[in-house]
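>>> coords below, sequence missing:
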């Protein structure tokens, strides 16, 4: 059974940092891209960042330069380092595994999802 477990969310002041982690189990995902999405109340789920198996990354414009995504294929984990956080970054953050080796920005491109972790940035 495939399972993705996110951790590292919490409450932080604007300008602060958080590091989200996602641990995958039940299968090996080293050949697949992985991504992070977020969803704020009343809004659609949006792409945040994605990483290919060779560690090439792609970021949404709103987080580029502030967030850094990395992966450890040996441990089946990905990490999202979030710096210079803003109140508009407040959302539930989800980890997902792509159905291919390519990073896609739509949720439809991902087969497996974690349960989400709350990130709240206070002003």
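Good, I have the coordinates. The structure presented is a predicted model; accordingly, all values stated were derived computationally and were not measured.
>>> Tell me which stretches of this structure form helices.
In chain order, the chain shows no helices, with DSSP state H as the criterion.
>>> those strands in it, which residues are they?
Along the chain, the segments classed as strands by DSSP state E run 3-7, 10-13, 18-25, 34-39, 46-51, 57-59, 67-72, 77-82, 91-98, 110-113, 117-122.
>>> got the contact list for residue 83?
Contacts of residue 83 were listed using C-beta atoms under 8 Å, 6 or more residues apart in numbering, and they are 17, 66-68. Heads up, the C-betas are built off the backbone N, CA and C, glycines and all.
>>> State whether residue 33 and residue 96 are indeed in contact, as I suppose.
No - between residue 33 and residue 96 no contact is recorded; they are 9.4 Å apart, counting by C-beta atoms under 8 Å.
>>> OK, contacts around residue 81?
Residue 81 makes contact with 17, 19, 67-70, according to C-beta under 8 Å, 6+ apart.
>>> Likewise for residue 51?
For residue 51, the contact set (C-beta under 8 Å, 6+ apart) comprises 33-35, 57-58, 69-71, 78, 103.
>>> partner residues bridging it?
Residue 51 has these beta-bridge partners by DSSP bridges: residue 34, residue 57.
>>> if we can go back for a sec, in JSON lines, list the contacts of residue 51 along with pLDDT.
What follows is the contacts of residue 51, written out as JSON lines (pLDDT from 0 to 100):
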{"residue": "33", "pLDDT": "95"}
{"residue": "34", "pLDDT": "95"}
{"residue": "35", "pLDDT": "96"}
{"residue": "57", "pLDDT": "97"}
{"residue": "58", "pLDDT": "98"}
{"residue": "69", "pLDDT": "98"}
{"residue": "70", "pLDDT": "97"}
{"residue": "71", "pLDDT": "95"}
{"residue": "78", "pLDDT": "96"}
{"residue": "103", "pLDDT": "92"}
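>>> Check the residues you listed against residue 2 and report the nearest one.
Using C-beta to C-beta, the shortest approach to residue 2 within these belongs to residue 34, at 12.4 Å.
>>> No further questions, thank you.
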